[in-house]
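Engineer: got a structure for you, letters missing:
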């Protein structure tokens with residue numbers, strides 16, 4: 001999914017102002033419209049993938065890996081359920097990438113970028129130490145995928 005949305009994320013950063021500048025004097029209204037179009041495109045593609053992909057993961061697993069992989073192992077989660085959760089995760093990842101590009105693109109100083117990076121690292125550490133173990137313990141492999149959507 002990062003490969004699919006990488007070009008849109010980069011374009012969103014440029015549309016939002018590049019490296020904190022005025023994007024070579026471009027009209028602010030045009031930049032906002034370009035950013036809104038990119039955000040809508042990422043959301044529509046991501047939500048379409050989530051809506052269609054999540055419903056057909058069992059068929060895909062059956063075609064690619066055979067019938068024995070469609071059932072959950074004792075005490076486990078079916079691979080199709082994890083793949084369905086990942087389809088929804090893709091939509092969240094698309095939105096996050098474009099929004100993050102906007103934040104980096106509109107930062108007015110290196111200090112803003114440093115604060116955002118430190119905050120990003122702190123949230124990542126809290127996720128790894130607190131939320132991820134809880135999600136895995138209570139919801140298994142699917143829980144870690146759902147936890148990444150948060």
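Structural biologist: Received the coordinates, thanks. Computed from a prediction, not measured in an experiment: that's the story for all the values here. Numbers count the residues shown, from 1 in each chain.

Engineer: in what helix or strand does the residue most central in space within the chain lie?
Structural biologist: Compute the mean C-alpha point of the chain, and by CA atoms, centre = their mean the closest residue is residue 93, 0.6 Å away. In this structure, residue 93 sits in helix 79-106 according to DSSP states H and E.

Engineer: now for that helix, which elements pack on it?
Structural biologist: Applying 3 or more CB pairs under 8 Å, 6 or more residues apart in numbering; DSSP states H and E, we find helix 79-106 packed against helix 2-16, helix 28-53, helix 57-65, helix 110-126, helix 132-149. Bear in mind the C-beta positions are built from the backbone N, C-alpha and C, glycine included.

Engineer: For the first one, the averaged confidence score.
Structural biologist: Okay, so that is helix 2-16. Taken as a whole, helix 2-16 carries a mean pLDDT of 55.

Engineer: go on, stretch 110-124?
Structural biologist: 87.
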